[in-house]
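In: below is the sequence, then the predicted model.
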Amino acid sequence: MEGIQSILDKKSDDPFDDAIEMVSSGTPLREAIELINAAQNGALLCIGDVDHVLDLGGGGFRIDVPFTPQRLYELSKMDGAILLSENAKKIVRANFHLSPDPNIPTSETGMRYRSASRTSAATEALVIAISERRHQISLYRNGEGLTLDSDEILLQKCNQGLMSLQNSRNNLERASVRLSFLEMDDISTVADVTEVLFRYIHIFKLAIETKRFIDFLGDNSWLLQNQLDEIVRGLADSYLLIIRDYAISDDIDEVRLIAKSLPEHASDDKSGDIMRLLGYSEVPADKEQLLPRGFRTISRISMLDEEAVARIIDEYGSLQAVISDSRDGFDNRMEDLGIANVRALAKSFMQLRSVI
């Protein structure tokens, strides 16, 4: 997943990134939340930005004791909000009466949830609302809400996500093999290339979504995480290679920038978006042929490292030129590039079609 996460940068404006780690299964805070929920007590927890939260209300009891799940559970039996320090290591105040600005817009209906939403909008605190009747746990940040699912529901979502990912990976593999055959025959088109890139983008977004569910499972997620890593293994590298094959520039730094831009700016089924991001000033028609440089295909040859592949493509310019020359055994051209065992290399190129 590291490669995919480096392509799909974590959004700095996602309000719940840090909350996932705090409330995932197995953490002390999640244990306290589950105790409160099971007892049907209900609670309103404000974590962090304590000074500004205090400005929104009054009353209650000053606690200032280290946090433990049992302490938080007992304090939840009182009315009012419980204030915790930024890292939820200390319980600052209990039975605190919040009075956020009622003019702050919110779509929530229950009193506890309206207070949670408005408090989160007026401060930088993470606010957690626990319903005493609906057994619902909701997180609020910057006025936005997120329901915290039970482990059973999260497991279902994870398994569904992994099944969808595996199916998508299988479809991508078939599309990639088809594109490889078309490239070998020098008949790959804009539509063929963009179809494969759209499939990569779809998988990456699905993987990030599934990863989010897995993260919420915390200590219970290691097996699911291994499954996810296995499904997406190697995809980030092959995604970069296909972009490097067809982008106007094959500079690796520019290729990485394009790789990050495609998931964010390419609209579904609009090949023109992809072609513009690949650097084409005039968008070619879907049926127009494209000439691959050959990074993706030539990298399949195990006897060539990344630098050797780059030297070969710099010399020949396209996959077809390399394949054509391989039929004559490359003569001395490969030796001039510092490539060893040219005869074996020529044989490997002739066998490419059978190993794709």
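Out: Now that the structure is in, tell me what you want to look at.
In: hmm, M303 is touching N341, no?
Out: Yes. With contact defined as Cβ atoms under 8 Å, M303 reaches N341; the gap is 6.9 Å. No exception for glycine: its C-beta is placed from N, CA and C like everyone else's.
In: anything in contact with each of these two?
Out: Between them, M303 and N341 share no contacting residue under Cβ atoms under 8 Å, 6 or more residues apart in numbering.
In: centroid residue for this protein?
Out: In the chain, the centroid-proximal residue (Cα atoms, centre = their mean) is I208; its distance is 2.8 Å.
In: what helix or strand is that one located in?
Out: Under the criterion of DSSP states H and E, I208 resides in helix 190-217.
In: quick check: buried residues in the next helix or strand after that helix?
Out: Toward the C-terminus, helix 190-217 is succeeded by helix 222-232 as the next helix or strand (DSSP H and E). Across helix 222-232, burial judged by 16 or more other Cβ atoms under 10 Å covers L224, Q225, Q227, L228, I231, V232.
In: give me the contact list for helix 222-232.
Out: 1, 3-4, 155, 158-159, 162, 165-166, 169, 203, 207, 210-211, 214, 217.
In: can you name the next helix or strand after it?
Out: helix 235-246.
In: return the helix or strand just after that following helix as PDB; C-alpha atoms alone will do.
Out: Remark: after helix 235-246, the chain's next helix or strand is helix 252-265, criterion DSSP H and E. Output of helix 252-265 as PDB, limited to C-alpha atoms (Å, rounded to 0.1, in the frame of the first residue of the first chain):
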ATOM      1  CA  ILE A 252      10.700  10.200 -13.900                       C
ATOM      2  CA  ASP A 253      10.000  13.300 -11.800                       C
ATOM      3  CA  GLU A 254       7.400  14.600 -14.300                       C
ATOM      4  CA  VAL A 255       5.900  11.100 -14.500                       C
ATOM      5  CA  ARG A 256       5.400  11.000 -10.700                       C
ATOM      6  CA  LEU A 257       3.600  14.300 -10.900                       C
ATOM      7  CA  ILE A 258       1.300  13.000 -13.600                       C
ATOM      8  CA  ALA A 259       0.700   9.900 -11.600                       C
ATOM      9  CA  LYS A 260      -0.500  12.000  -8.700                       C
ATOM     10  CA  SER A 261      -2.600  14.200 -10.900                       C
ATOM     11  CA  LEU A 262      -4.600  11.500 -12.800                       C
ATOM     12  CA  PRO A 263      -6.700  10.200  -9.900                       C
ATOM     13  CA  GLU A 264      -7.600  13.700  -8.800                       C
ATOM     14  CA  HIS A 265      -8.300  15.400 -12.200                       C
END
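In: how far off centre is helix 252-265?
Out: Centroid displacement of helix 252-265 relative to its chain, using Cα atoms, centre = their mean, to the nearest Å, is 15 Å.
In: helices or strands next to that helix in the packing?
Out: helix 2-7, helix 190-217, helix 235-246, helix 271-277 (3 or more Cβ pairs under 8 Å, 6 or more residues apart in numbering; DSSP states H and E).
In: how big is the angle separating it from helix 235-246?
Out: For helix 252-265 against helix 235-246, the angle by axes from the mean of the first three to the mean of the last three Cα atoms, to 10 degrees is 110 degrees.
In: now helix 252-265: mean pLDDT?
Out: In this model, helix 252-265 has an average pLDDT of 92.
In: with stretch 145-163 instead?
Out: Here the average pLDDT along stretch 145-163 is 92.
In: for it, buried residues please.
Out: Buried residues in stretch 145-163 (16+ other Cβ under 10 Å): G145, L146, L148, D149, D151, L154, L155, K157, C158, G161, L162.
In: which residues in the chain form strands?
Out: Counting by DSSP state E, residue ranges of the strands within the chain are 43-47, 57-58, 61-66, 81-84, 90-98, 126-130, 137-141, 144-147.
In: now the longest helix anywhere in the chain, how far from the centre of its chain.
Out: Using DSSP state H, we find that the single longest helix of the chain is helix 151-184. Here helix 151-184 is found 15 Å from its chain centre; the criterion is Cα atoms, centre = their mean.
In: check stretch 252-268 too.
Out: Here stretch 252-268 is found 14 Å from its chain centre; the criterion is Cα atoms, centre = their mean.
In: that older thread, tell me what the longest helix of the chain is packed against?
Out: With 3+ Cβ pairs under 8 Å, 6+ apart as the test, helix 151-184 has helix 190-217, helix 222-232, helix 235-246, helix 295-298, helix 319-326, helix 352-355 packed against it.
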